[in-house]
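Asks: sequence first, then the predicted structure:
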Amino acid sequence: MSQIATPGRLTDPPTALSTAPAIAIRGLTLRFGGETLFENLDLDLEAGRFTVLLGASGVGKTTLLRIVAGLETPDGPGGSVRADDGRPLAGRIAWMAQQDLLCPWLDAAANVALGDRLRGRRPDRDRVAGMLASVGLDGRGGVMPAALSGGMRQRVALARTLYENRKVVLMDEPFSALDSPTRLRIQDLAADRLAGRTVLLITHDALEACRLADRLVVLAGRPARLIEHPVPPGPVPRRSDDAEVLAAQGALLERLAAGIG
Amino acid sequence: MKRAQLSTVLGPLIVGIAVLALWQAICRLWHIPPYLMPAPTDIAASLVANAVPLLHALRSTLLVTFAALLISVVLGVLAAFVLVQSRLIERSLMPYVIIMQVTPIVAIAPLIIILVKSTLPALIVCATLIAIFPIISNTLAGLRSVDPGLESFFRMHKASRLQMLWRLRIPSALPMFMAGLRISAGLALVGAIVAEFVAGTGGNSAGLAYEILQSGFQMDIPRMFAALSLITLAGLALYFAMALLERLALHRWHGQG
């Protein structure tokens, strides 16, 4: 794991980081089994910042993410998801889920370059190797997912997200299946590598939220509303042993627990 | 060879030799006549003495088996692709696939032998009817077993229908298809033997089942056992061949590529 700790930003194509859009989510309604999960929900994702979304299970977080990703359409009329630069979001979004979503029949390098394959383009071997190296998997391109640990597989998924080089990154509890120390390292890695992109991160982990968030929102209640939660000071990623981070984590946990009732 | 590997080979070998030795001893000690229960050496002697007709019969049976297996794979996979296209198609057609499966082949075989004029195609049809079901059901389940998260990932990348099939559904279905193939290979042999029994054909396309029937009529019990042992050996060889094929197709999933 030691090789991850050496940051050093990989050179991306020049246009990559300069134009991360802000995203305006307006008037989303979601019903499930006759129940209204949320109604007329508005959320702004600031350009180039980490927005962290928390909330109890079943409150509709993942569906909200899938609507932003264009994988699902909101219930009822009037809901919209728009980028502030007026261009469509499709093709500008990368997505990371709780499961690594690696194809077990492809090696690590082929998984990283899967997007290129689907676009019918030749994968850039050097960039693939560079991305794998940047997540601490130097020279592991030929290894199959089954031979990698959970943490390594999630790092391959991160490398694939980075290879896609999208300005908007949606993450649905991407690190929740990892053990705590591994999670801490990969959070640092993600914060470093994804800096400057518009990120929406869903998590259950209050510490993760307090370490990574530029902005913290809690989705709670029925129908659910969004509640802003104060963010501890200092640049992202914040240290996990920082007193203010720990205090914020405690306050956040209390708020989430109160929401459960 | 490692200890575990050695014991997987050596263990069954010792059991087999012990059983054969016991069998031989009982036959010799109690002077059991060969037409009641032949000793292993009698069977081996018969196998050698009748090698030419028995191997010829084995060839016929294997021809039917492989033809049925091949047709089952082609038609079964095609059927699965058709069935997976929509729930409506699956609901409408699946009951008939199941009817085909639950009707005992011994009951339909005489019909097929009557309907299909020449013997060899009739035998192949019978064996195919038995062997095709695991291919259809396993391939169908495999095609449906795609990880929904992975499917979302492909959709986000605007994968075409063809890419979804080629890069996602087919690889996802491969493990279950291979498992189906292994079952199907065994069933194809069973189907071939059953069809031969029902058809009772002699002559040029006589298979091992005919050898067993014929030896029974002639009270040549050692020859009956010799034919039976060839069927068993053929079944074993088929099983190991399919297991090897499965390993070749899937080993990359389980470790270093």
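Replies: It's in.

Asks: could you use CA atoms for every contact and neighbour count after this?
Replies: Noted.

Asks: who in the stretch 1-150 of chain A is up against chain B?
Replies: Counting by Cα under 8 Å from any Cα of the partner chain, the stretch 1-150 of chain A comes close to chain B at A:69-71, A:91, A:95, A:97, A:99, A:101-107, A:115, A:118-119, A:142-147.

Asks: and the residue of the stretch 51-200 of chain A at minimum distance from chain B, what's its pLDDT?
Replies: Closest contact between the stretch 51-200 of chain A and chain B, by Cα to the nearest Cα, is at A:Ala147 (4.8 Å). The per-residue pLDDT reported for A:Ala147 equals 89.

Asks: burial measure for it, as a count.
Replies: 17 (other Cα atoms under 10 Å in any protein chain shown).

Asks: which of the residues of the stretch 1-150 of chain A next to chain B fall in helices?
Replies: A:Gly115, A:Leu118 (DSSP state H).

Asks: weed out the non-buried ones from the residues of the stretch 1-150 of chain A next to chain B.
Replies: Neighbour counting by 16 or more other Cα atoms under 10 Å in any protein chain shown classes A:69-70, A:95, A:97, A:99, A:101-107, A:115, A:118, A:143-147 among those as buried.

Asks: can you give me the strands for chain A?
Replies: A:23-32, A:35-45, A:50-55, A:80-83, A:93-96, A:168-172, A:198-202, A:215-220, A:225-229 (DSSP state E).

Asks: tell me which residues in the worst-scoring helix or strand of chain B on mean pLDDT are buried?
Replies: Within chain B, no helix or strand scores below helix B:105-115, which has a mean of 86 by mean pLDDT, DSSP states H and E. Within helix B:105-115, the residues that count as buried by 16+ other Cα under 10 Å are B:Ile105, B:Ala109, B:Ile112, B:Ile113.

Asks: now render those residues as TSV, adding distance to chain A.
Replies: Converted to TSV, those look like this (distance: Cα to the nearest Cα, whole Å):
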residue	distance to chain A
B:Ile105	38
B:Ala109	41
B:Ile112	42
B:Ile113	44
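
Asks: and those, which two are furthest apart?
Replies: B:Ile105 and B:Ile113 (11.6 Å; Cα to Cα).

Asks: residue of the stretch 51-200 of chain B closest to chain A, please.
Replies: Going by Cα to the nearest Cα, chain A is nearest to B:Leu150 of the stretch 51-200 of chain B, at 5.4 Å.

Asks: once you drop chain neighbours, what's closest to that residue?
Replies: Sequence neighbours aside, A:Leu101 is the residue nearest to B:Leu150 in space, at 5.4 Å (criterion: Cα to Cα, 6 or more residues apart in numbering or on different chains).

Asks: that neighbour touches B:Glu151, doesn't it?
Replies: No: at 9.1 Å, A:Leu101 does not count as touching B:Glu151 under the criterion of Cα atoms under 8 Å.

Asks: where does residue 15 land on pLDDT?
Replies: Just so you know, I chose chain A. A:Thr15 is assigned a pLDDT of 47 by the prediction.

Asks: that answer is for a different chain, and I need it for chain B
Replies: Reading off the confidence values, B:Val15 has pLDDT 95.

Asks: can you get me a residue count around it?
Replies: There are 11 residues near B:Val15, going by other Cα under 10 Å.

Asks: which strands and helices sit next to the helix or strand containing it?
Replies: Taking DSSP states H and E as the definition, B:Val15 sits inside helix B:3-29. Applying 3 or more Cα pairs under 8 Å, 6 or more residues apart in numbering or on different chains; DSSP states H and E, one finds that helix B:3-29 makes contact with helix B:40-49.

Asks: okay, angle between the helix it packs on and helix B:3-29 too, please.
Replies: Calculated by axes from the mean of the first three to the mean of the last three Cα atoms, to 10 degrees, helix B:40-49 forms an angle of 100 degrees with helix B:3-29.

Asks: check which helices and strands helix B:40-49 is in contact with.
Replies: helix B:3-29, helix B:221-250.

Asks: roughly how far does A:Asp42 sit from chain B?
Replies: Computed as Cα to the nearest Cα, to the nearest Å, the A:Asp42 to chain B distance reads 23 Å.

Asks: what sits against that residue?
Replies: Taking Cα atoms under 8 Å, 6 or more residues apart in numbering or on different chains, we find A:Asp42 in contact with A:Ala24, A:Ile25, A:Arg26, A:Gly27, A:Leu28.
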